[in-house]
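Undergrad: using only what follows, build the 3D model:
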Amino acid sequence: MCALALSESILKYMIPWLDLDWPLNPEEIYGREGPLVLEIGFGNGGFLVEQAQNHPEALFLGIERSWGAAQRLFKRLEQMGLQNVRVIQGGAEFLLQHAFKPDSIEKVYINFSDPWPKERHHNRRLIQQEFVKLLGERLVADGQVTIATDHAEYAEWICEVLEGQSALVSCFDRTRVNELPGRSPTKYERKATDTGVPINYFVWRREACVSLPPVIVQKVEEMPNVVLSGACDRDTMFGDQRPESWVMTKKGVDVVIKLSRVYRDSEGDWLLEMMAKEGAFSQHFGILVLRRADGGYLVKLASMGHPRPTWGVKQAVGKVAELIQVRFPQMRVEESNVGE
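TA: Predicted coordinates for the structure are as follows:
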């Protein structure tokens with residue numbers, strides 16, 4: 001079998017979740033129905049591939065931040081000819097909250113997530129009260145989450161988190177076990193076991209009586225832009241612009257917008273490097289300021305970063321337009337779809 005080019009692998013296996021309505025529709029993505037199984041942080045992909053081979057009826061989805069890990073998984077999937085695996089590159093907590101509807105996931109595997117051993121980094125650990133609450137809401141009734149770690153202190157942390165909530169209950173008569181008969185070990189897991197390091201397994205299921213939140217549909221919206229007219233000096237529009245930031249709140253969620261750098265091309269158009277952080281979701285992108293044929297200016301998103309037009313991104317476009325108006329008060333807004 002000939003290996004697919006990377007671009008073909010991306011189209012075949014990667015879910016373009018930023019371009020789709022939320023929550024995602026697995027039947028449309030996979031072309032069929034089936035129980036949905038997630039692995040959060042799939043590493044080299046061996047565990048995910050083996051599970052997909054053993055359970056061809058299920059729909060497997062790997063969530064991973066690392067682009068290198070995704071590319072390694074693509075090669076495995078192509079070698080094995082598997083059709084029931086897809087990949088999302090992103091943060092697990094945000095994806096659980098927005099991309100999956102309540103009562104929709106059959107199983108979740110979390111194998112050896114980063115223990116973040118330094119105390120000042122504990123807030124970066126994946127297993128937190130809010131994350132476990134999300135798991136409980138997204139799992140189907142009796143759906144399971146399996147967590148594995150070889151880090152003793154992190155295992156104690158996980159115990160405290162799981163024992164301090166009510167959405168999930170242990171599948172055993174205790175919080176954790178050190179053996180799971182029939183489990184397919186990961187490469188990392190075998191290495192730890194061979195060196196005598198004990199593994200802690202947590203297998204918990206969702207109670208049927210868990211109160212579920214409503215489904216919140218988030219459609220992909222049109223790209224934001226602002227059209228300005230009026231006299232200005234194009235050459236000095238952002239010539240001495242310094243980094244700037246704005247902090248706002250939308251429906252109880254903190255939104256931070258940052259302008260970090262400004263560039264100008266040979267045609268005289270401006271490009272501003274931006275970041276918008278909305279809760280746990282961060283996007284890095286560019287905003288263009290282009291001169292129109294009628295002498296006005298168009299403020300719009302650049303293709304760099306491939307941003308989803310969220311509320312924060314729209315506000316970023318609006319803030320850039322406001323910066324121009326502050327420098328040139330005679331300029332006025334002719335068109336805008338950034339909202340408030």
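
Undergrad: show me the residue at the heart of this protein, geometrically.
TA: What sits nearest the mean C-alpha location of the chain, by Cα atoms, centre = their mean, is residue 90, with 3.0 Å.

Undergrad: was I right about that residue contacting residue 65?
TA: Yes: the pair residue 90 / residue 65 is scored as a contact, 7.1 Å apart, by Cβ atoms under 8 Å. Glycine gets a C-beta too; all of them are placed from N, C-alpha and C.

Undergrad: need the distance between the two termini of stretch 57-76.
TA: End-to-end distance for stretch 57-76: 19 Å, by Cα to Cα, to the nearest Å.

Undergrad: no no, stretch 266-280
TA: OK, stretch 266-280 end separation, Cα to Cα: 37 Å.

Undergrad: likewise stretch 132-143?
TA: For stretch 132-143, the end-to-end distance is 13 Å (Cα to Cα).

Undergrad: same question, stretch 284-298
TA: So stretch 284-298: terminal residues 20 Å apart, Cα to Cα.

Undergrad: residue 262 is in contact with residue 244, correct?
TA: No: with contact defined as Cβ under 8 Å, residue 244 does not count as touching residue 262 (10.3 Å).

Undergrad: of the two, which one has the most company?
TA: residue 262 (18 against 13; other Cβ atoms under 10 Å).

Undergrad: what's the nearest residue to residue 281 if we skip its chain neighbours?
TA: residue 94 (4.7 Å; Cβ to Cβ, 6 or more residues apart in numbering).

Undergrad: residue 185 now?
TA: Distances taken as Cβ to Cβ, 6+ apart put residue 193 closest to residue 185, at 6.9 Å, once the chain neighbours are dropped.

Undergrad: and residue 52, that's in a helix?
TA: Yes: under DSSP: H, G, I helix; E, B strand; the rest coil, residue 52 sits within a helix.

Undergrad: contact partners for it?
TA: Applying Cβ atoms under 8 Å, 6 or more residues apart in numbering, we find residue 52 in contact with 58, 60, 82, 84-85.

Undergrad: ok, now with 6 Å
TA: If you count contacts by Cβ atoms under 6 Å, 6 or more residues apart in numbering, residue 52 has them with 60, 82, 84-85.

Undergrad: returning to that earlier point: hang on, the residue nearest to residue 281 packs against residue 278?
TA: No: if you go by Cβ atoms under 6 Å, residue 94 and residue 278 don't touch, sitting 9.0 Å apart.

Undergrad: the more surrounded of these two?
TA: Neighbour totals were compared for residue 94 and residue 278, and residue 278 leads with 20 against 15 (other Cβ under 10 Å).

Undergrad: could you check the pLDDT of the more buried one?
TA: Looking at residue 278, its pLDDT stands at 93.

Undergrad: same deal with residue 305?
TA: 82.

Undergrad: quick one, what contacts it?
TA: So residue 305 contacts 284-285 (Cβ under 6 Å, 6+ apart).

Undergrad: that one and residue 316, how far apart?
TA: 11 Å (Cβ to Cβ, to the nearest Å).

Undergrad: please, which helix or strand holds the residue nearest to residue 281?
TA: helix 92-98 (DSSP states H and E).

Undergrad: give me the mean pLDDT for stretch 44-57.
TA: 97.

Undergrad: excluding chain neighbours, what is closest to residue 33?
TA: Leaving out its chain neighbours, residue 33 is closest to residue 27 (Cβ to Cβ, 6+ apart), at 5.4 Å.

Undergrad: around that neighbour, count how many other residues there are.
TA: 11.

Undergrad: please identify the helix or strand for it.
TA: helix 26-30.

Undergrad: list the buried residues in that helix.
TA: The neighbour-count check on helix 26-30 (16 or more other Cβ atoms under 10 Å) flags 26, 29-30 as buried.

Undergrad: re the thing from before, doesn't the residue nearest to residue 185 lie inside a helix?
TA: Yes: assessed by three-state DSSP, residue 193 belongs to a helix.
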